[in-house]
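> 3D model of this:
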Amino acid sequence: MSKGLSFLREAIVGRPNDDVAVDEDRRTAPQALDAPDGRARAVVDAVLPAVDGGRFAVKRVAGECVTIEAHVFTDGHDVPRVMLQWWKEGSTRREELPMKLRNNDEWHASFVAPAPGRYRYTVLAWVDAFESWHHEMQRRVEPQDIRIAARVGAQDIRAAAARASGSDRDELTQWAGALEEGAADAQMDTAALKAMALDEQRTATVRRFPDRQLQVRFAAELPLVVERLRARFGSWYELFPRSAGDAPGAHGTLRDVAQRLPLVAAMGFDVLYMPPIHPIGRVQRKGRNNTLVTEPGDVGSPWAIGAQEGGHKALLPELGTLEDFQALVADALQLGVELAMDIAFQCAPDHPYVKEHPAWFRWRPDGSVQYAENPPKKYQDIYPFNFESEDWQGLWEELKSVIEFWIAQGVKIFRVDNPHTKSFAFWEWVIGEIKREHPDAIFLAEAFTRPKVMHRLAKLGYSQSYTYFTWRNSKEELTRYFTELTEAPGVDYFRPNAWPNTPDILHAALQGGQEAVFKSRLLLAATLSANYGIYGPAYELMEHLPRMSNGTASEEYLDSEKYELRSWDWSGDAGLRPLITRINEIRRSNAALQDNRGLTFLRIDNDHLVAYMKQSEDGANVIVTVVNLDPWNTQTGWLALDPRELGIEEDQPFQMHDLLTDQRFVWRGRHHYIQLDPHRLPAHVMSVRQRLRDERDFDYFQ
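Below you'll find the model as predicted:
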């Protein structure tokens, strides 16, 4: 089995903990990892966060504070010392931090992982004789108790001196002697003796030389995956390259896409995602509106990958050359935009794999290959891979090489089509292998499936996931769903990416074509989720006509771009582009909108209005958003927001700056009036300004 595939066994079965290796000159290095005998009394009961007990990794981004909580205690009244230990996988150096007790035996410490990669952390603890003595000494009041305790403490301090060296040893030896002499001197004031025993400077010296022979370690070394910021925060824009041209009916090229890059960048998008750009199969090709019969000129679905020109490592000739693609990647990066590739591990009937590797597919008794189905839907133009193939290892290695090929062309972001229909074990292996060599790679799971399946994919390594946002439209639905997404344990591994539409999904709410609905869904996605995206230009131009099926509107677009060329208006001020540009500017300049952890829903007495607050990790940036979910009527309500939660005195006025309209409002107290006309703008996105001395300190208007 290859080195890569052997990793899979370790991931599933587990690997033994390595012995701790620390620099010899680190005086806080543990003398023993595990308790040598039953005298060890410290208990490390839990370490959080932990995903499935450490089976899967917690996720953070580089530079983000990682806060660890440990539940540690011992019998009786003695005091434990608790240390957090963290390290980068493959490194022999382990960093150690003292953990601080907050309450109820909960200890906390934080660290910052500086770069993307895989890390580990665990917790060590021991009953500290000196710390226990110090704690008791603080409470001693009887003179005789103080004298006896001083002698006991002197013994612990001498033991610490034996572990120290140089001036530290001399200092502690002298201190121990002074305590012994003071305790024996009946003329010495016990208050002075107690003060000597609790000397802060010398206490700090003792703490550097603890006796850790009876320390215990938490049973698991918990994994942590650190990714770059784009994994946590980004704005995605999807377009079909073949519709990027100017001339109606003419097939677009990658060079045409390059001409659209300035518009995408000007709108504030960080990621440009393109559906598959590979050769499209001719056998069983779908016609317009997903018909089974094609006509001359029908271009087929980009997800039917592979033809005589090649497969997953080839480009559709009509789009251009590999050099054109590399130039597009470079042009995008110059504008601050990254290109995202679509990874769709499936084949058209005429994909070269079908002949070259027939064992990778399921064959029916009549000698044909089983095409993809999701009854009643049939995808005659797509053959799924058989992940139970006898040649599964060869299949895995080949699919991994597809991702590696496009990484070599400069791509580091991948949107993966329907990952829930492929082997979970494969995803854990391939993402682990890719990120081992390319820790800056990002994977988005397009998995509109059952919640537990979506969460499993996230645990297996996906950086982000599509969500149910598209189908969450009421105040209750939005509140319940996004509260769930920002709570543990999911918040530690599942990063939502909210899309109001996709080429596959035109929700019924958008099919009425009301501008207010398109605006509100955009603003909800962009402010509720740190990652969001739109399928454009269909969204900003408010494309809303559904394809009819048996007289009923479906969630598919009429004249879907999935099956034909489309011609779009690419002017910068068309449709919703000015609003999109503004909300993306707001997202980039407000840290509160760049993370999902600071979300809190606010009480407002109108079910047509949904209100929520987001705060940055340091609390310095606070955004309050209110959205009118009624596209026809002006709605009003009273919003409850206690200024004391923002560090503002209740009787002090403070300013709310609507970043969408540049309006400024003065608020005071806990209840605040809201009025939103959907025909003007269905939302406020307001920044909370600093407290004000007087309302006359600034100009404002409503």
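> Tell me where the chain is predicted with low confidence.
Applying pLDDT under 70 to the chain picks out residues 1-36, 690-702.
> Got the domain ranges for it?
Domain assignment for the chain, taken from automatic domain parsing, gives 3-128+212-226, 131-207, 228-277+315-345+385-589, 594-697.
> so of these, which one's packed in deepest?
Greatest average neighbour count among these goes to domain 228-277+315-345+385-589 (a mean of 19), per mean count of other CB atoms under 10 Å. Quick note: C-beta positions are derived from backbone N, CA and C, even for glycine.
> Nearest spatial neighbour of Leu84, chain-adjacent residues omitted?
Excluding the flanking residues, the one nearest Leu84 by CB to CB, 6 or more residues apart in numbering is Ala109, at 4.2 Å.
> give the contact list for that neighbour.
By CB atoms under 8 Å, 6 or more residues apart in numbering, the contact set of Ala109 is 67-68, 84, 97-100.
> and those residues as CSV, adding distance to Asp270 and secondary structure?
Shown next, in CSV, are the contacts of Ala109 (distance: CB to CB, whole Å; DSSP: H, G, I helix; E, B strand; the rest coil):
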residue, distance to Asp270, secondary structure
Thr67, 27, strand
Ile68, 30, strand
Leu84, 33, strand
Leu97, 33, strand
Pro98, 39, strand
Met99, 37, coil
Lys100, 37, strand
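> Closest one to Ser529 out of those, please.
Nearest to Ser529 among those: Thr67, at 22.1 Å, using CB to CB.
> which element follows the longest strand that the chain contains toward the C-terminus?
The longest strand of the chain (DSSP state E) is strand 117-127. Counting by DSSP states H and E, the next helix or strand C-terminal to strand 117-127 is helix 129-139.
> And that next one, how far out from the chain middle?
Relative to its chain's centre, helix 129-139 lies at 43 Å (CA atoms, centre = their mean, to the nearest Å).
> got the contact list for the residue lying closest to Asp618 once chain neighbours are set aside?
Nearest non-adjacent residue to Asp618, counting by CB to CB, 6+ apart: Ala591, 8.0 Å away. Going by CB under 8 Å, 6+ apart, Ala591 touches 616-618, 620-621.
> Now do the helices in the stretch 501-650 of the chain.
In the stretch 501-650 of the chain, the helices defined using DSSP state H, counting those that start in this stretch lie at 515-528, 577-589.
> Next one: the residue lying farthest from the centre of the chain from Pro143, what distance?
Within the chain, Gln187 marks the point farthest from the mean C-alpha position, 65.1 Å out by CA atoms, centre = their mean. From Gln187 across to Pro143, the span is 12 Å (CB to CB, to the nearest Å).
> right, and Ile442 touches Arg415 too?
No: in this structure, Ile442 is not within contact of Arg415 by CB atoms under 8 Å, at 9.4 Å.
> chain center to the longest helix along the chain: distance?
Of all the segments of type helix in the chain, defined by DSSP state H, the longest one is helix 143-163. Taking CA atoms, centre = their mean, the mean C-alpha location of helix 143-163 is offset from the chain mean by 50 Å.
> Report the angle between that helix and helix 129-139.
Orientation of helix 143-163 against helix 129-139 (axes from the mean of the first three to the mean of the last three CA atoms, to 10 degrees) gives an angle of 150 degrees.
> that older thread, report the two of the contacts of Ala109 separated the most.
Taking CB to CB, no two of the contacts of Ala109 sit farther apart than Thr67 and Pro98, at 14.3 Å.
> Just say helix, strand or coil for Thr203.
The three-state label given to Thr203 by DSSP: H, G, I helix; E, B strand; the rest coil is helix.
> so what's the nearest residue to it once chain neighbours are set aside up against?
In space, and not counting its chain neighbours, Thr203 is closest to His134: 6.4 Å by CB to CB, 6+ apart. Residues in contact with His134 (CB under 8 Å, 6+ apart) are 79, 153, 198, 203.
> Which single one of these is nearest to Tyr468?
Val79 (47.8 Å).
> Make a markdown table out of the domains of the chain and add distance to Ser368.
As requested, these are exported to a markdown table (distance: least, CB to CB, whole Å):
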| stretch | distance to Ser368 |
| --- | --- |
| domain 3-128+212-226 | 31 |
| domain 131-207 | 74 |
| domain 228-277+315-345+385-589 | 14 |
| domain 594-697 | 46 |
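> distance between the ends of stretch 63-77?
Start-to-end span of stretch 63-77 (CA to CA, to the nearest Å) is 38 Å.
> Am I right that Ala164 is in contact with Phe209?
Yes: assessed by CB under 8 Å, Ala164 is found in contact with Phe209 at 4.8 Å.
> where's the helix or strand where Met686 lies relative to the chain centroid, distance-wise?
Per DSSP H and E, Met686 falls inside strand 683-691. In terms of CA atoms, centre = their mean, the centre of strand 683-691 is found 25 Å from the chain centre.
> So which elements touch it?
Using 3 or more CB pairs under 8 Å, 6 or more residues apart in numbering; DSSP states H and E, the elements in contact with strand 683-691 are helix 515-528, strand 622-628, strand 654-658, strand 671-676.
> Direction included, what does the third one pair against?
The strands beside strand 654-658 in its sheet (DSSP bridges) come out as strand 664-667 (antiparallel), strand 683-691 (antiparallel).
> Would you mind saying which of the ones you listed lies nearest Thr502?
Relative to Thr502, the nearest member of the strands paired with strand 654-658 by CB to CB is strand 683-691, separated by 22.4 Å.
> Any chance you could list what contacts the closest one?
Strand 683-691 has contacts (CB under 8 Å, 6+ apart) with 519-520, 523, 527, 583, 586, 590, 621-628, 646, 648-649, 652-660, 665, 674, 676.
> Any idea how far apart the tips of stretch 303-313 sit?
This stretch, stretch 303-313, spans 14 Å end to end (CA to CA).
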